[in-house]
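Novice: Let me see the structure of the following:
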Amino acid sequence: MSNSKATVKKIGLISCIATGIGCIVGSGIFGSLPTVINDIGPSVIIALIGAVIYTLAKMIPNVYVSAVVPTSGSFFVAPTKLVHPALGMFMAAQNLLQPVLVSVFAVLFADYFVALFPALAGKETIVSIGILIVYAILGYLGNHTFASINSIMVGVLLVAMALYIFVGIPNIQPERLTMSGILAPGIRVTTLGAAIAVLSSSLSGGASITQIADDVKNPRRNIPLALILAPTLVAVIYILMAVVTLGAMTTPQITTLAEVGGHFLSRSLLTFFIVGGPLFGVLTSMVPVIMLCCAQIQAASDCGLFPAFVGKKNKYGIAPASLGFVMLFAILLCATGSTFGVLMTIFSFVNCVGDIVLCILPFFLKKRYPYACLYPGFKLPSWMVNVLSIFAVCVAAYLSFSALATLDAVVWILIAAFAVLFFLYMYLRLRYLKKFGSDLIAELKAPYAPWEAREAECKAMSKAG
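Specialist: Next up, the predicted model:
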């Protein structure tokens with residue numbers, strides 16, 4: 001990449017794990033866990049275990065690539081350099097939809113915030129725009145500052161969930177947690193599969209840390225560790241929360257975890273749980289998504305896909321133009337009071353296709369950089385990487401097909417319009433660069449210098465050893 005890198009503080013392993021946990025937890029589990037419990041009861045424990053298996057399987061390709069050749073914006077760089085620029089362009093286009101998630105989180109934050117301060121009722125849009133402006137300022141100060149603040153909020157989030165678990169355990173009714181109820185031999189496979197799909201979404205997001213690899217200390221070791229530890233720790237917490245919820249329920253159906261917590265938490269502790277749980281969950285989810293989106297835009301700009309000014313970094317290591325695009329797009333969506341159902345449907349489909357791209361990368365990595373693969377920062381058995389990558393590709397392909405089958409005419413039109421606009425932009429960008437004697441496709445196909453240097457280093461190590 002052409003950008004000179006500013007001297008910035010590096011993010012350590014603890015902050016990497018905290019960032020992953022913050023992105024994973026979010027507010028999703030506070031809604032999805034009660035929903036799944038209402039659908040399948042104690043079998044939610046089995047569904048959670050299944051969700052953990054699928055999430056870790058999908059994470060292994062990212063773990064492997066990060067252990068061998070980490071780089072910021074790898075969701076764009078790796079498909080471009082390892083497979084073909086067309087896949088990198090697809091991932092760049094997909095990334096332009098990420099601000100939709102940022103706006104959704106801002107709207108959710110406003111809903112929770114107004115619930116705590118009823119005097120602000122009717123001003124949700126102002127609240128959501130306000131939090132986006134605050135986050136834009138924090139984002140401008142760099143990933144280290146952003147991640148450090150996020151780590152503090154994740155700490156509060158974990159305390160809130162620990163409070164729910166440890167205060168709730170003495171209130172568990174053992175008769176509600178029998179092995180026969182958990183195994184539920186009569187439950188349909190499709191019902192259990194749907195539950196696993198819902199809970200898997202609540203365990204996703206940890207891979208966002210891979211997109212800021214240049215800001216991480218010892219990324220070939222710390223990023224793979226964070227990718228494995230973050231979802232594993234969250235999974236243990238989710239299972240314990242499910243056990244408490246099942247054992248402390250006093251009604252057949254529940255609406256929120258706060259409803260269950262109200263039976264064993266005092267008023268002040270319940271308020272802390274609501275603030276530190278769902279409210280902070282939304283805030284901690286927003287940070288990694290913003291960092292991920294900015295990192296990919298910067299990487300695409302450094303490679304020439306977008307104009308150079310888009311990726312020009314400030315003294316904190318952040319490109320203001322990239323950050324500005326992400327936050328202004330999110331603010332615009334909030335300001336218009338848009339409903340996000342259609343946009344989220346498009347994003348979900350494109351995201352599933354993106355998972356296929358990311359899960360095939362280990363096979364190309366071994367072909368392009370065989371010596372670097374011999375000296376990863378975090379070792380994994382080759383057979384495990386291959387098996388889990390194929391498994392994840394198959395599941396992602398199935399989910400893509402399922403999502404595709406549900407799209408209506410309006411969504412198809414929006415997808416087509418977005419594809420045409422991006423294709424038109426790329427055509428004009430290629431022609432513009434060609435006038436100045438630059439062949440963008442050839443440049444994108446060129447080997448990535450840091451990876452080539454790592455391969456040469458590992459080759460020398462292999463011959464010397």
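Novice: Show me what counts as buried in the helix or strand harbouring Cys373.
Specialist: Cys373 is located in helix 370-374, with elements delineated by DSSP states H and E. Using 16 or more other Cβ atoms under 10 Å as the burial criterion, the residues of helix 370-374 that qualify are Tyr371, Ala372, Cys373. Placement of C-beta: from N, CA and C, glycine included.
Novice: Any idea which helix or strand in this protein has the lowest mean pLDDT?
Specialist: Lowest mean confidence among the helices and strands of the chain (mean pLDDT, DSSP states H and E): helix 179-183, at a mean of 58.
Novice: Which strands or helices does the helix of greatest length in the chain pack on?
Specialist: Secondary structure assigned by DSSP state H gives helix 219-248 as the longest helix of the chain. The helices and strands touching helix 219-248, judged by 3 or more Cβ pairs under 8 Å, 6 or more residues apart in numbering; DSSP states H and E, are helix 13-25, helix 28-40, helix 44-68, helix 143-168, helix 257-261.
Novice: quick check: angle from the second one to helix 219-248?
Specialist: Note on geometry: by axes from the mean of the first three to the mean of the last three Cα atoms, to 10 degrees, helix 28-40 and helix 219-248 are set 50 degrees apart in direction.
Novice: May I see the buried residues of helix 28-40?
Specialist: Using 16+ other Cβ under 10 Å as the test for burial, helix 28-40 gives Gly28, Ile29, Phe30, Gly31, Ser32, Leu33, Pro34, Val36, Ile37, Asp39, Ile40.
Novice: which secondary structure elements does it contact?
Specialist: Secondary-structure packing of helix 28-40 (3+ Cβ pairs under 8 Å, 6+ apart): helix 44-68, helix 189-201, helix 219-248, helix 257-261, helix 280-302.
Novice: most packed of the ones you listed?
Specialist: Ranked by mean neighbour count, those are led by helix 280-302 with a mean of 27 (mean count of other Cβ atoms under 10 Å).
Novice: quick revisit: what's the closest of the buried residues of helix 370-374 to Asn143?
Specialist: Asn143 lies nearest to Ala372 out of the buried residues of helix 370-374, by Cβ to Cβ, at 25.1 Å.
Novice: Now for the closest one: which residues touch it?
Specialist: Val68, Val69, Trp451, Arg454, Glu455, Cys458 (Cβ atoms under 8 Å, 6 or more residues apart in numbering).
Novice: Out of these, who's the most crowded?
Specialist: Across these, neighbour numbers were computed from other Cβ atoms under 10 Å; Val69 holds the maximum, 29 neighbours.
Novice: Now do the spatially closest residue to that residue that is not a sequence neighbour, the pLDDT please.
Specialist: Nearest residue to Val69 in three dimensions, chain neighbours excluded: Trp451, at 4.7 Å (Cβ to Cβ, 6 or more residues apart in numbering). According to the prediction, Trp451 has pLDDT 92.
Novice: What of the one 4 residues further on?
Specialist: If you check Glu455, the pLDDT there is 93.
Novice: Could you list which residues are in contact with it?
Specialist: Shown in contact with Glu455 (Cβ under 8 Å, 6+ apart): Tyr369, Tyr371, Ala372.
Novice: correct me, but the first one touches Arg454?
Specialist: Yes - the pair Tyr369 / Arg454 is scored as a contact, 7.4 Å apart, by Cβ atoms under 8 Å.
Novice: Show me whatever sits in contact with both of the two.
Specialist: By Cβ under 8 Å, 6+ apart, Tyr369 and Arg454 have these common neighbours: Val68, Val69.
Novice: Go ahead and confirm Leu444 touches Pro79.
Specialist: No - counting by Cβ under 8 Å, Pro79 is not a contact partner of Leu444; they are 10.4 Å apart.
Novice: Check the offset of stretch 359-372 from the chain's centre.
Specialist: Offset of stretch 359-372 from its chain centre (Cα atoms, centre = their mean, to the nearest Å): 23 Å.
Novice: In that stretch, which residues are buried?
Specialist: For stretch 359-372, using 16+ other Cβ under 10 Å, the buried residues are Cys359, Ile360, Leu361, Pro362, Phe363, Phe364, Leu365, Lys366, Arg368, Tyr369, Tyr371, Ala372.
Novice: Equivalent analysis for stretch 325-338, please.
Specialist: Phe325, Val326, Met327, Phe329, Ala330, Ile331, Leu333, Cys334.
Novice: List the residues that contact the residue nearest to Ser462 when sequence neighbours are not counted.
Specialist: Once flanking residues are discounted, Ser462 sits nearest to Tyr371: 5.4 Å by Cβ to Cβ, 6+ apart. Tyr371 makes contacts with Glu455, Cys458, Lys459, Met461, Ser462, as judged by Cβ under 8 Å, 6+ apart.
Novice: So which of the residues you listed belong to helices?
Specialist: With DSSP H as the criterion, helices contain Glu455, Cys458, Lys459, Met461, Ser462 from among the contacts of Tyr371.
Novice: Just name the closest of the residues you listed to Gln298, please.
Specialist: Using Cβ to Cβ, Glu455 comes nearest to Gln298 of the ones in helices among the contacts of Tyr371, at 23.9 Å.
Novice: quick one, helices of the stretch 301-450 of the chain?
Specialist: Taking DSSP state H, counting those that start in this stretch to define them, one finds helices in the stretch 301-450 of the chain at 320-335, 341-359, 361-368, 370-374, 382-406, 409-435, 440-445, 449-464.
Novice: Centre of the chain to the fourth one, how far?
Specialist: Going back to what we said before, that points to helix 370-374. For helix 370-374, the distance to the chain centre is 28 Å (Cα atoms, centre = their mean).
Novice: Quick check: which of the helices of the stretch 301-450 of the chain has the most neighbours on average?
Specialist: Mean neighbours per residue, mean count of other Cβ under 10 Å, is largest over those for helix 320-335, with a mean of 20.
Novice: okay, the contacts of Ala372 in TSV with distance to Ile17 next?
Specialist: Listed next are the contacts of Ala372 as TSV, based on distance: Cβ to Cβ, whole Å:
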residue	distance to Ile17
Val68	21
Val69	21
Trp451	26
Arg454	25
Glu455	29
Cys458	27
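Novice: Which member of the residues you listed is positioned nearest Leu246?
Specialist: For the contacts of Ala372, the minimum distance to Leu246 (Cβ to Cβ) is 41.8 Å, reached by Val68.
Novice: hang on, isn't that closest one packed against Pro219?
Specialist: No - contact criterion Cβ under 8 Å: Val68 and Pro219 do not qualify, at 10.8 Å.
Novice: joint contacts of those two?
Specialist: Gly377.
Novice: ok so, going back, quick one: the helices and strands packed on helix 219-248 as CSV, columns for distance to Phe273 and mean pLDDT too.
Specialist: Compiled in CSV, the helices and strands packed on helix 219-248 are given as follows (distance: least, Cβ to Cβ, whole Å; pLDDT from 0 to 100):
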stretch, distance to Phe273, mean pLDDT
helix 13-25, 14, 80
helix 28-40, 10, 75
helix 44-68, 20, 83
helix 143-168, 5, 86
helix 257-261, 6, 83
